[in-house]
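Peer 1: Need a 3D model of the sequence below.
(3 chains)
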Amino acid sequence: MKSLRVCITAAIVITAVSFTVISCKREQGQVLNMATTTSTDNTGLLDYLKPIILSDTGINLHWVAVGTGRALELGKNCDVDILLVHAPAAEKKYIEAGYGIDRRKVMFNDFIIIGPKTDPAGIKGKSASGALSTIALKKAFFASRGDDSGTHKKELFLWKEAGISSPDKQPWYIQTGQGMINTINIANERNGYTLTDRATYIKYASTLNNNPPLIILVESDSTLKNQYSIITVNNVKCPKTNTALAKKFTDWIVSPKAQKLLGDYKLLGKQLYIPNAE
Amino acid sequence: MGYLLEGVQQGIGLLFSGNIETWSAIAVSLQASLLSITAALIIGAPAGFVLGYYEFPGRRQIRAVFDTLLALPTVVVGLVVYGFVSSRGPLGHMELLFTVSGIVVAQTILILPIVISLTASAIESLDMRLGNTLITLGASRRQIVLTSLYEAKIAVLTAAVTAYGRAISEVGVSMMIGGNIKWHTRTITTAIALESGKGNFAMGIALGLVLLTIAFTVNASLIILKKMSK
Amino acid sequence: MKVENTSHHFLVRDLEYAYSGNFRLQVPHLVIDRGQSLGISGPNGCGKSTLLRLLAFLETPQAGSIELVQAAGGDTKRLHHRITLLLQDHYLLKRSVFENVAYGLRVRGDRENLRDRVFRALQDSGLDPERFAGRKWHELSGGEARRVSLAARLILKPEALLLDEPVANIDRESALLIKDVINTLKERDNMTMIISSHDQTWLAGVTDSIIQMRDGKITGLLYENSLQGPWHPDIDGLWAMDIQDAGKIYASKPPAPYSRGILDPANIIIATREQADLSAQNLLRGTVESMEQIHYTDSISVKVKTGTTHFACTVTHHAAENLHIFPGKTVWLIFKASSIIWE
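Peer 2: Sure, this is the predicted structure:
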């Protein structure tokens, strides 16, 4: 009997202790729930901005980082108040369907096409369309995110622009269904190409002492622009949405101060985002 | 291979330097898993007792259902619970989504079949004479349940330890229902998923070490308890 | 005329119980009195254990009822708190001897003087508390384990103690010990006891009367009056045994002072008036306690209480009518000293 009682007491004590540890971190400010993408979260931008947001606006920002598709769905299901995503075509449809309101541009960065140093398909310096056409022609290995993320949507858009209809049925094209880092690694294993956002590439390169096996081959094409926007969940469809707080946050992030912060934010010494709120 | 060793080194450093991100995730994991195992035991132990002790029609079929649910994939549980606790779902008003409470509820559902099934087995393997003996000594029905569970305490505790292992090492439910929100609903496992997705293998290994330590401690305590009761 | 007899303890009416296909227990009528020590005897499979289990309210009958009569002024307790059963197939909880014995009290929420009571119960069961209280359940011999189970039930001070084959398959020492325990309980606590055994001789030594069972039915009473002694030499070369408040019983010389004498009920004459000057040497005054029809015969079994002893006698239906014998009536029992046969 004794030993059992000791264990139960210990378990209760640990639970109580962890309760207080958690509780100590309890909420200051008003909580705003945001859905954003994994690539956004991975840059650490939001962690950096969070305390500043709190002191400037009193908003305690909570965000879940998921794929773009899921982020939009969370908005549809009224599980969050606001979205920070980068899939303009999908966003426009979203607004039209009435799920989101008050869409404002926030910042942009770009995508790049990376591949092996030896560039077997010879795509260096081409335009995005040109590079993809060449890859398709040469049947070079291409790793796609395949997960309906912002990156994936952009990639599909680029294939369409290049006039190639369904690369997903080709043997040289695989869909990893995973995050960006893993997809890059898979591309590397097969000595192939992939489309990535610059921020992830910067991190990837730094983990390999800035001498990674896959290097930037195509960039600065206007079609590679990656636009981030903020969308408030429509309180007509979701009455519980904290619209006032969402507006406060939106106003803040497009303000000159916030915009400067976004532009100055550096990941491993390199600028990531270019603010372009109107 | 190098990153494994490097990761272990960095991991140990992270833990002992008191890195609050790390410890926050650990605390959330412990809190959620301890609460869910407690809830699962309170509901599941008596239910397992009923399933193991009494004869009634359909008993074998119910047993089979729970045995199947033992291997519930966590993402499936996560999806189903999300359907219920999402704002638009029937339990949306309870505001469980993206909270530790939500994780606890979903984890409890996940591990309940384990507790019920293994407790039923434990009770079934009790000596058949126990029930009658307790009645002749004047035990009430509630006392029979408690004493039987205590007689089978090693098996019941093993069930609890098994269920706990499932709770603390699962990702699917915590991710879906908790949302992996830093400081609030980030658990050891969702943190590992996040960090390795970002390429921070050191952090991933560190957290993995913690998870292993917790699992080891729990199992070791069970072995000690077994020895003590002999 | 309805006579309400508050000395009744168990009232069984139209009891029926069946299990696993063919076996059926049928007991239309059975009355057990408070403080009575009843034996149930019969071959294996006759239904002894089943009847005990029913009397212990461990099973529910398909038909009929068993009533456990409430004593006047007693506080109402749950059925299972008033009686207890020691199964042949007994079982100890996986804990120390002390905890096993204390369990019944714990579930009743009765913790006063626990240690003293446990120790006394162990002593009553013939186990030295100092040696045994700390032992674990698996550190006991078969006989010791059974005694622990017994102690666990004695400590409850139940109204009735039911024992199912208490001496089956145990060593002689334990068997004798259990016999002593039962006798002590009879005399000291006036506990109602119902004991089943296929060993009629042993059973006769611990019970007032024995019912026989076969194929799920009670076939009759085992007729023996068991006179345990102690016997001491008395006048005229006869030996005598004292009965409290009733005088003495005279018999021939027994083999030993504690020998068991058996008196066939058929050798006892019931008289309704005090007789004097008889050639028979035993004349005892008593009260009729109960009367029962003996199945398939014309006779009635009459139980007479003389002091602290009971005698089983038989009368014919006819005689009972003529002599106006009924429960509560004062009668005299007459029998020869030579009728007592030594075991």
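Peer 1: Now do the helices in the stretch 51-200 of chain A.
Peer 2: A:68-76, A:88-96, A:128-138, A:150-161, A:180-189, A:198-207 (DSSP state H, counting those that start in this stretch).
Peer 1: Reformat these into a markdown table and put mean neighbour count, distance to chain B and mean pLDDT next to each item.
Peer 2: Yep, even glycine has a C-beta here, placed from its N, CA and C like the rest. A markdown table is the format used below for the helices of the stretch 51-200 of chain A (neighbours: other C-beta atoms under 10 Å in any protein chain shown; distance: least, C-beta to the nearest C-beta, whole Å; pLDDT from 0 to 100):
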| stretch | mean neighbour count | distance to chain B | mean pLDDT |
| --- | --- | --- | --- |
| helix A:68-76 | 22 | 8 | 91 |
| helix A:88-96 | 16 | 16 | 93 |
| helix A:128-138 | 19 | 25 | 92 |
| helix A:150-161 | 21 | 13 | 90 |
| helix A:180-189 | 20 | 5 | 90 |
| helix A:198-207 | 20 | 5 | 85 |
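Peer 1: For chain C, which segments are assigned as helices?
Peer 2: Secondary structure of chain C by DSSP state H: the helices cover C:48-55, C:79-82, C:97-107, C:114-124, C:129-132, C:142-154, C:172-184, C:200-204, C:317-323.
Peer 1: which of the residues in the fourth one are buried?
Peer 2: The one in question is helix C:114-124. Across helix C:114-124, burial judged by 16 or more other C-beta atoms under 10 Å in any protein chain shown covers C:Arg117, C:Val118, C:Phe119, C:Arg120, C:Ala121, C:Leu122, C:Asp124.
Peer 1: Which elements pack onto it?
Peer 2: If contacts are counted by 3 or more C-beta pairs under 8 Å, 6 or more residues apart in numbering or on different chains; DSSP states H and E, helix C:114-124 sits against helix C:97-107, helix C:129-132, helix C:142-154.
Peer 1: Counting by contacts, list what the longest helix anywhere in chain B packs against.
Peer 2: Assignment by DSSP H gives helix B:20-53 as the longest helix of chain B. Other helices and strands packing on helix B:20-53, by 3+ C-beta pairs under 8 Å, 6+ apart, are helix A:2-24, helix B:59-69, helix B:100-124, helix B:141-151, helix B:153-169, helix B:188-198, helix B:201-228.
Peer 1: Can you say which of these is packed in most?
Peer 2: Compared across the helices and strands packed on helix B:20-53, helix B:100-124 shows the largest average neighbour count, a mean of 25 (mean count of other C-beta atoms under 10 Å in any protein chain shown).
Peer 1: now the angle from it to helix B:20-53?
Peer 2: Here helix B:100-124 points in a direction 40 degrees away from that of helix B:20-53 (axes from the mean of the first three to the mean of the last three C-alpha atoms, to 10 degrees).
Peer 1: Spit out the contact partners of A:Thr250.
Peer 2: Neighbouring residues of A:Thr250 by C-beta atoms under 8 Å, 6 or more residues apart in numbering or on different chains: A:Ile82, A:Asp102, A:Arg104, A:Ile230, A:Thr232.
Peer 1: sorry, back to before: of the helices and strands packed on helix B:20-53, give the one that comes closest to B:Ser87.
Peer 2: B:Ser87 lies closest to helix B:100-124 among these, at 12.1 Å (C-beta to C-beta).
Peer 1: Would that closest one count as contacting chain C?
Peer 2: No - figure legend: helix B:100-124 not in contact with chain C (C-beta under 8 Å from any C-beta of the partner chain); closest approach 13.0 Å.
Peer 1: how much does that helix deviate in direction from helix B:141-151?
Peer 2: Following the same axes, to 10 degrees, one obtains 80 degrees for the angle between helix B:100-124 and helix B:141-151.
Peer 1: Got the confidence number for residue 40?
Peer 2: Let's take chain A. Looking at A:Thr40, its pLDDT is 88.
Peer 1: wrong one, chain B
Peer 2: 96.
Peer 1: And A:Gln170, by the same measure?
Peer 2: At A:Gln170, pLDDT is 88.
Peer 1: OK, contacts around it?
Peer 2: A:Ala136, A:Lys139.
Peer 1: Only the buried residues of the longest helix of chain B, if you could.
Peer 2: B:21-22, B:24-41, B:44-53.
Peer 1: of all the buried residues of helix C:114-124, which comes closest to chain B?
Peer 2: C:Ala121 (12.7 Å; C-beta to the nearest C-beta).
Peer 1: Pretty sure C:Arg147 is one of the things that closest one touches, is it not?
Peer 2: No - look at C:Ala121 against C:Arg147 with C-beta atoms under 8 Å: they stay out of range, at 10.1 Å.
Peer 1: Tally up the residues packed near the nearest residue to A:Ser127 once chain neighbours are set aside, please.
Peer 2: In this structure, A:Ser127 finds its nearest non-sequential neighbour in A:Asp221, 5.3 Å apart by C-beta to C-beta, 6 or more residues apart in numbering or on different chains. As a burial measure, A:Asp221 scores 18 neighbours (other C-beta atoms under 10 Å in any protein chain shown).
Peer 1: and A:Asp221, backbone torsions?
Peer 2: The phi and psi values for A:Asp221, taken as degrees, to the nearest 10, are phi -80, psi 140.
Peer 1: Next, C:Ser252: phi, psi?
Peer 2: phi -70, psi 180.
Peer 1: ok, it to chain B distance?
Peer 2: Going from C:Ser252 to chain B by C-beta to the nearest C-beta, to the nearest Å gives 44 Å.
Peer 1: before we move on, what about C:Asp33?
Peer 2: C:Asp33 is 22 Å from chain B, by C-beta to the nearest C-beta.
Peer 1: Which residue, neighbours along the chain excluded, lies closest to that residue?
Peer 2: Spatial nearest neighbour of C:Asp33, excluding adjacent residues (C-beta to C-beta, 6+ apart): C:Ser7 at 5.0 Å.
Peer 1: what about that neighbour, neighbour count?
Peer 2: 15.
Peer 1: where does it land on pLDDT?
Peer 2: At C:Ser7, pLDDT is 79.
Peer 1: just for chain A, where's the confidence low?
Peer 2: Low-confidence segments of chain A (pLDDT under 70): A:1-9, A:11-12, A:14-27.
Peer 1: longest strand of it?
Peer 2: strand A:100-116 (DSSP state E).
Peer 1: Show me what from chain B comes close to chain C.
Peer 2: Within chain B, the residues that sit near chain C (C-beta under 8 Å from any C-beta) are B:127, B:129-130, B:132-133, B:135-140, B:143, B:147, B:151, B:229.
Peer 1: Just the buried ones from those residues?
Peer 2: The buried subset of the residues of chain B next to chain C - by 16+ other C-beta under 10 Å - is B:Leu130, B:Asn132, B:Thr133, B:Ile135, B:Thr136, B:Leu137, B:Gly138, B:Ala139, B:Gln143, B:Thr147, B:Glu151.
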